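[1] Provide a 3D model corresponding to the input given below.
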Amino acid sequence: MKKSRQRSSLISLDSTNLEIFKSYSSLNNYNKNEFVFQAGSIKKNFYLLLSGRVKLYRVSSQGNEVTQWFCFPGEAFGLSELQSVNKQTIYAQCCEHSEVLAIPLNKFTTFIEQSPEIALKIIEQLSVRLKIAGDTLLNLASDDVKTRLVKLIMRLNMRFGINYKQGMLINMTLTHKEIADMIGACRQTVTSALGELKEAGYIKIIDHHFFIPSLSKFEKLTEPDDPGLKLQSRKKLVTS
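    Numbers count the residues shown, from 1 in each chain. Alright, predicted model coming up:
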């Protein structure tokens with residue numbers, strides 16, 4: 001499998017800045033399902049993921065898990081630690097074995113002053129995540145599950161898509177449960193919606209990766225009057 005396109009990433013900085021980052025940090029190894037931190041714990045560190053994958057999520061008052069996003073190698077998380085609140089409001093859980101650099105908050109300001117390039121990268125990542133959060137709230141209020149699923153796949157393609165056989169291959173994998181948590185749906189509904197997209201030829205699954213044969217046709221699925229969003233007459237529209 002080819003590597004995905006370059007995306008906003010702290011680890012893409014030159015070796016000097018990366019060494020500065022490491023000089024302020026401690027390296028921690030986490031096993032699959034282990035927490036880097038949990039909601040309610042005291043905020044202590046700012047984090048950079050070196051390898052693996054970390055899921056950031058909240059738990060609603062009804063006990064439902066709501067995934068905010070997944071962090072991949074080179075991405076920072078724990079950005080909310082920069083606020084004045086003393087306790088975590090989210091969970092950070094490893095989806096696989098992960099290596100994480102942690103900078104104590106009392107050293108973070110000094111680190112930023114020495115590395116303005118990294119500060120800009122952090123601001124860039126935070127801006128992207130705020131936009132994603134805003135888009136997600138809007139989608140939950142206005143879109144059915146199928147449309148939310150299509151928009152999620154499009155966002156994933158923007159970050160992880162690579163050219164493959166005249167189409168686009170999303171060079172990362174998610175389980176149906178993880179996708180459901182990201183778009184506010186149940187796993188069974190996501191499985192059904194994915195099946196309909198595959199049956200209609202909008203996506204294929206290659207070695208557990210999404211493949212989009214025609215990106216232009218797939219993008220049209222988000223247009224309000226596009227017939228592709230309407231299920232075949234023998235099926236009902238998938239809703240949450």
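[2] could you pull out the strands in this structure for me?
    26-30, 35-37, 45-51, 54-59, 65-71, 76-77, 91-94, 98-104, 161-164, 167-170, 204-206, 209-212 (DSSP state E).
[3] R148: which of the ones you listed is closest?
    Minimum separation from R148 across the strands of the chain (CB to CB) falls at strand 65-71, 12.7 Å. The way it works is simple: take the backbone N, C-alpha and C, and place the C-beta from them, glycine included.
[4] strand partners (parallel or antiparallel) of the closest one?
    Using DSSP bridges, the strands paired with strand 65-71 in its sheet are strand 54-59 (antiparallel).
[5] between the strand it pairs with and strand 45-51, how many degrees?
    Angle, strand 54-59 to strand 45-51, by axes from the mean of the first three to the mean of the last three CA atoms, to 10 degrees: 130 degrees.
[6] ok, residues contacting strand 54-59?
    When contacts are defined by CB atoms under 8 Å, 6 or more residues apart in numbering, strand 54-59 is touched by residues 36, 39, 65-71, 77, 89-95, 98, 100, 178, 181.
[7] could you export it as CSV, CA atoms only?
    Written as CSV, here are the backbone C-alpha positions of strand 54-59 (Å, rounded to 0.1, in the frame of the first residue of the first chain):
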residue,chain,number,x,y,z
VAL,A,54,-5.4,7.5,19.2
LYS,A,55,-9.1,8.0,19.4
LEU,A,56,-10.4,11.2,21.0
TYR,A,57,-14.0,11.0,22.2
ARG,A,58,-16.6,12.1,24.8
VAL,A,59,-19.3,10.2,26.6
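[8] ok and it relative to strand 26-30, angle-wise?
    70 degrees.
[9] quick check: buried residues in strand 54-59?
    Neighbour-count burial for strand 54-59, counted by 16 or more other CB atoms under 10 Å, picks out V54, K55, L56, Y57.
[10] cool, and stretch 181-200?
    Quick answer for stretch 181-200 (16+ other CB under 10 Å): D181, M182, I183, G184, A185, T189, V190, S192, A193, L194, E196, L197.
[11] lowest-pLDDT helix or strand in this protein?
    helix 116-142 (a mean of 67; mean pLDDT, DSSP states H and E).
[12] how near is the residue nearest to C94 when sequence neighbours are not counted to Q188?
    Leaving aside its sequence neighbours, C94 sits nearest to Y30 (CB to CB, 6 or more residues apart in numbering; 4.4 Å). Relative to Q188, Y30 is positioned 30 Å away (CB to CB, to the nearest Å).
[13] and if you look at K32?
    For K32, the distance to Q188 - CB to CB - is 24 Å.
[14] F160 too?
    25 Å.
[15] now T173
    With CB to CB as the criterion, T173 and Q188 are 19 Å apart.
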